[in-house]
Structure formats: structure tokens, C-alpha cells
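>>> return atomic coordinates for the entry below.
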Amino acid sequence: MTRYLASALLFATACQTYDFEPVTPIAISQTTQTRNVVARNLKPNLMILVDKSGSMNAPLNASMPSCGMCSGASCPATCPTRISELRTAMNQFLTTSSTVARMGLAFFPKGEDTTFSPTGCAPTREIAVDLPAPSTSDTDTAPLVMNATTVNQRIQSLGSAIPVTGGTPTAGALTFLGSYAGLLDDRDNRQDFVLLLTDGLPNCNPANPLSCSSMPPPPSNLCTLGNNCVGQYCRAGFLDKDGVVTAVQQLRSRNVSTIVVGFGADFASPEALDVLNSMADVGGFGRKCPNGTNAECGSNNTCLATKFCQKQFYAAANATELATALADIQNLIGSGDPCLFSLSDKPTDDRFLAVIINGQTTTKGPNTWSLLPTGAVQFAGPLCDRVKTSTTAEPLKVEFRIVSTL
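Numbers count the residues shown, from 1 in each chain. Purely as a prediction, here's the structure:
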């Protein structure tokens with residue numbers, strides 16, 4: 001009997017219970033950025049699209065004693081306006097960074113145009129400064145400097161020789177650039193960008209589904225003209241979010257990325273944040289903060305729990321902030337180092353980054369690649385040499401695969 005009891009006790013003590021702590025699954029996503037590298041000393045195309053609507057004449061700070069009720073050229077030098085601050089920042093950028101890209105220029109709206117009512121709502125139908133002629137080498141930087149100088153001269157004429165007036169037909173202007181041959185040349189050899197500088201909400205869409213005659217009527221906060229979306233502005237005055245997002249998407253489908261800069265104070269409203277964030281996101285340059293810090297989003301910006309910045313676009317309230325935004329953009333589109341690759345999505349750790357060269361994964365190392373604190377990827381040694389010697393006949397296909405948690 002004792003033997004049976006001992007066996008029973010042994011069996012009983014061999015059975016144990018375990019408490020398992022539930023684990024929440026981690027959601028992950030992967031993004032892939034592909035570059036066809038052909039001697040990356042070839043500069044990107046940068047078409048600068050400038051908003052010259054009437055609101056650009058407004059003072060940056062209307063409460064300044066020197067401003068009063070002034071507008072544009074009537075404002076004294078002690079009362080900076082949006083257009084004067086834009087001229088200041090662009091002058092600095094175009095004189096110090098003239099060789100960072102092949103630059104061109106377009107303005108919107110076109111201005112006086114009787115083909116579309118109301119006057120001043122017509123999008124641009126011409127290029128103010130063409131991109132430099134196609135070339136297979138950028139070793140001669142003289143054409144780049146010349147174009148940047150011409151672009152600067154035209155921008156400095158805003159408010160004097162070039163009137164600053166009208167509405168904000170952003171969608172029409174972007175659609176026009178989508179048919180511009182200069183952005184479609186050398187697409188295998190160069191990256192193409194549109195740099196949009198705008199202070200206001202997009203409107204002026206003659207096909208806008210929002211209208212004062214819509215039933216039910218649109219919310220009043222979607223009228224970009226206060227309470228004046230009536231008469232000839234019944235449709236043109238309403239916010240054109242769908243039209244402008246579609247135009248950015250169409251550019252992206254042609255491998256043209258759009259970098260959005262909100263200038264002035266109009267982007268502070270919830271409606272403005274919504275539309276400019278949407279444009280930045282589909283344009284390929286929505287600002288993110290993968291490490292969860294506000295510093296990654298820039299000044300006066302916040303990193304949200306989603307690891308997207310509250311302002312996904314580049315926000316600038318004055319010339320100094322615009323100059324800072326332009327410097328950041330310059331680093332993003334190219335530093336002049338053919339072996340330095342800036343990424344629109346920045347990995348938090350090189351363990352979550354795969355670098356694939358012509359279909360083969362390349363491990364990190366002192367003679368291959370490394371991830372810099374800025375989120376850019378630096379090629380070195382023989383791998384860098386392969387970049388520098390790549391040609392149209394023997395291009396280098398570079399893929400960056402980034403895994404991130406959601």
C-alpha cells in the first residue's frame with residue numbers, strides 16, 4: 001500500500017500548472033524605395049511652383065503697429081509681408097544652393113484671364129523658367145547656376161513687375177506641370193521633384209463638387225473666402241481638397257514627387273492642416289518621426305503617437321523658418337555626394353534596413369554601407385565606386401527595404 005501511495009504522490013508532483021502572459025502581436029509594415037543609379041552626380045530636376053495669389057500680400061503679423069491695414073507694396077519695410085519674406089528666403093536659397101538641382105520655375109495663378117470666371121482663378125499655362133536642357137553629365141555646373149539666377153530674378157520681381165493677385169488654383173497648376181516635358185526627360189537618370197510654396201488653401205476648381213447650391217450645403221468652414229462663396233464664387237471659392245490631392249497623385253504616378261511647404265499663417269486651421277498633410281503624404285514627403293521625438297518634426301511641430309508629425313508638410317511662418325525648411329529639403333533631395341542616399345522613410349535601426357544591389361542583398365560594413373544618425377545611407381569603398389562608375393548602359397539598381405512597427 002505504501003508503494004502505491006508513493007507512486008501516486010510522484011505522479012501528482014510531476015503535474016504543474018503554468019501561467020502564460022498574453023502577448024499583443026506586433027504589427028509591422030515594409031516600404032521599398034528603388035533607385036536606378038546612373039552616375040549619381042546627375043542632379044535632380046526641381047520645378048519650383050510658387051503661389052502668387054492675393055493673400056501673399058498680407059502682412060506676416062497684421063497686429064504689428066507698423067502694419068495697420070497695409071497690403072503688399074503699400075506696407076513699409078518694418079512690416080514684412082508673406083511675399084517679401086518669401087523673396088528674402090528664396091534669394092538666400094537660390095544664391096547659396098544654385099547647384100543642388102536643375103531648377104525651373106512656375107507661378108500660379110496665371111493672373112488676368114477671361115477664359116475662366118472669376119478673373120484670377122486661372123491656373124498657370126506657361127513655365128516662367130524652363131529646366132536646363134537635357135544632358136548626360138552635370139560636371140559643368142554653369143547651366144545650373146544660370147538657371148538658379150534666372151529663377152531668383154523672377155521671384156524677386158514678385159510684387160513689382162509680376163503682380164501678386166488672384167485665387168489659389170493649386171490643382172490646375174500641378175496638373176499643368178504633369179504635362180511638362182522637362183520633368184519627364186531623363187526620368188531613368190534623374191529624380192524629379194515639384195517644390196510647392198503656398199500660403200493658402202486650394203480653391204478655384206470649376207469642377208469642385210462643393211458648391212453653395214449643393215444639397216446639403218457644404219460647411220461654412222470649407223469656404224476659403226470667409227462668407228463670400230456666392231455668385232461667381234459659388235463653386236470656385238470652396239476648398240478643393242479632392243482636386244489637389246488627385247493632382248499630386250497623378251504627378252507621383254509619373255515618378256514626380258511633390259514637396260509641400262506651407263508658408264504664412266493660413267495653414268494653422270484644421271482645414272488647412274488636413275489638406276496640406278494629405279498633399280504631403282501622397283506626394284511622397286510626408287514628415288515622419290520614427291523615433292517618436294518632436295525634434296524629428298522640426299520647430300513648432302509635434303510627433304504624434306502614430307509616428308507621423310502633426311504637420312506632415314514643411315511649415316514656415318517667416319523667412320527664417322522658410323530658409324530652414326529649404327535647407328532640410330536640400331539635404332533630402334541631394335547633398336552632392338553621389339554615395340549618400342537620403343530616404344523619405346527613415347529606419348530607426350540598421351537592423352530593420354535591407355540594402356539590395358542589382359537584386360542581391362548587401363550586408364552593412366565599413367566597405368559597403370552604413371546608416372547615419374540623420375537616417376541617410378552612406379555607401380563606401382568598392383560599393384561607392386560602383387555608384388560613381390555606373391552608366392546608362394550599366395546602371396545600378398539600388399533598393400532600400402525598411403521594416404517598421406505600426
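>>> can you give me the helices for the chain?
Per DSSP state H, the chain carries helices over the ranges 2-14, 82-96, 142-156, 170-177, 241-253, 270-283, 319-333, 381-388.
>>> could you list the low-pLDDT ranges of the stretch 101-250 of the chain?
Scanning the stretch 101-250 of the chain for pLDDT under 70 picks out 111-119, 185-189.
>>> strands along that one, start to end?
Using DSSP state E, counting those that start in this stretch, the strands of the stretch 101-250 of the chain run over 102-108, 192-198.
>>> what do you get for the stretch 301-406 of the chain?
For the stretch 301-406 of the chain, strands defined by DSSP E, counting those that start in this stretch occupy the ranges 314-316, 340-341, 353-357, 360-362, 369-371, 377-379, 396-405.
>>> residue 289 is nearest to which of the ones you listed?
Shortest distance between residue 289 and those, using C-beta to C-beta, is found for strand 396-405: 11.5 Å. Using the backbone N, CA and C atoms, a C-beta is placed for each residue, glycine as well.
>>> who are the packing partners of that closest one?
In terms of contacts (3 or more C-beta pairs under 8 Å, 6 or more residues apart in numbering; DSSP states H and E), strand 396-405 is packed against strand 28-37, strand 353-357.
>>> so which bits of it are buried?
396, 398, 400, 401, 402, 404 (16 or more other C-beta atoms under 10 Å).
>>> just stretch 311-318 next, same as before
So, applying 16+ other C-beta under 10 Å, buried residues of stretch 311-318: 311, 312, 313, 314, 315, 316, 317, 318.
>>> what's the nearest residue to the first one if we skip its chain neighbours?
Yep, that's residue 311 we're talking about. In this structure, residue 311 finds its nearest non-sequential neighbour in residue 301, 5.1 Å apart by C-beta to C-beta, 6 or more residues apart in numbering.
>>> hmm, residue 308 and the one you found touching each other?
No: checked against C-beta atoms under 8 Å, the pair residue 301 and residue 308 is beyond contact range at 10.7 Å.
>>> so what's the residue lying closest to residue 150 once chain neighbours are set aside up against?
Among residues not flanking residue 150 along the chain, residue 129 sits closest, at 5.1 Å (C-beta to C-beta, 6+ apart). Contact partners of residue 129, counting by C-beta atoms under 8 Å, 6 or more residues apart in numbering, are 103, 104, 105, 147, 150, 151, 154.
>>> most neighbours among those residues, which one is it?
residue 103 (29 neighbours; other C-beta atoms under 10 Å).
>>> beta partners for that one?
Beta bridges link residue 103 to residue 46, judged by DSSP bridges.
>>> roughly how far does it sit from residue 220?
40 Å (C-beta to C-beta, to the nearest Å).
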